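Enquirer: Following is a predicted model, sequence given first.
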Amino acid sequence: MNTGKILLGVLAGAAVGALVGVLMAPDKGTETRKKIMKKGGDYTDALKDKFDELVSSMTDQIDNVKSESKSMVTSGKSKMDDFKSRNSI
């Protein structure tokens, strides 16, 4: 059996399951929609928080790399000046 057919079958099964679940839900449609919207909002907030954490972490890492780079450049210049002063003719 080909993978495309399996995937299509799984997606169709999930869609039918979701539809049956909504139709058989004990709450009214308006209540179900409110719950879906609330869960969607919760997931969106959680995703935003994770994204903010990622951006903050990356910003900290970039700042550390910049600081280390400046330190290395300063050290390199100092070593080059020292080398020049010892080897001047």
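Expert: Looks like it came in fine. Residues are numbered from 1 along each chain as shown.
Enquirer: contacts, neighbours, all on C-alpha from now
Expert: OK.
Enquirer: Please report how far R33 lies from A15.
Expert: Separation of R33 from A15 (Cα to Cα, to the nearest Å): 17 Å.
Enquirer: mind listing what T32 touches?
Expert: V22, A25 (Cα atoms under 8 Å, 6 or more residues apart in numbering).
Enquirer: same thing but at 10 Å, please
Expert: Applying Cα atoms under 10 Å, 6 or more residues apart in numbering to T32 gives the contacts V22, L23, A25, P26, K38.
Enquirer: who wins for most neighbours among these?
Expert: V22 (15 neighbours; other Cα atoms under 10 Å).
Enquirer: hang on, isn't L23 packed against R33?
Expert: No - counting by Cα atoms under 10 Å, L23 sits too far from R33 to count as a contact (11.9 Å).
Enquirer: ok, residues contacting stretch 42-59?
Expert: I36, M37, K38, K39, G40, G41, D60, Q61, I62, D63, N64, V65.
Enquirer: I'd like those as JSON lines, with pLDDT and secondary structure appended.
Expert: Compiled in JSON lines, those are given as follows (pLDDT from 0 to 100; DSSP: H, G, I helix; E, B strand; the rest coil):
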{"residue": "I36", "pLDDT": "76", "secondary structure": "helix"}
{"residue": "M37", "pLDDT": "82", "secondary structure": "helix"}
{"residue": "K38", "pLDDT": "85", "secondary structure": "helix"}
{"residue": "K39", "pLDDT": "81", "secondary structure": "helix"}
{"residue": "G40", "pLDDT": "81", "secondary structure": "helix"}
{"residue": "G41", "pLDDT": "86", "secondary structure": "helix"}
{"residue": "D60", "pLDDT": "94", "secondary structure": "helix"}
{"residue": "Q61", "pLDDT": "94", "secondary structure": "helix"}
{"residue": "I62", "pLDDT": "95", "secondary structure": "helix"}
{"residue": "D63", "pLDDT": "95", "secondary structure": "helix"}
{"residue": "N64", "pLDDT": "95", "secondary structure": "helix"}
{"residue": "V65", "pLDDT": "95", "secondary structure": "helix"}
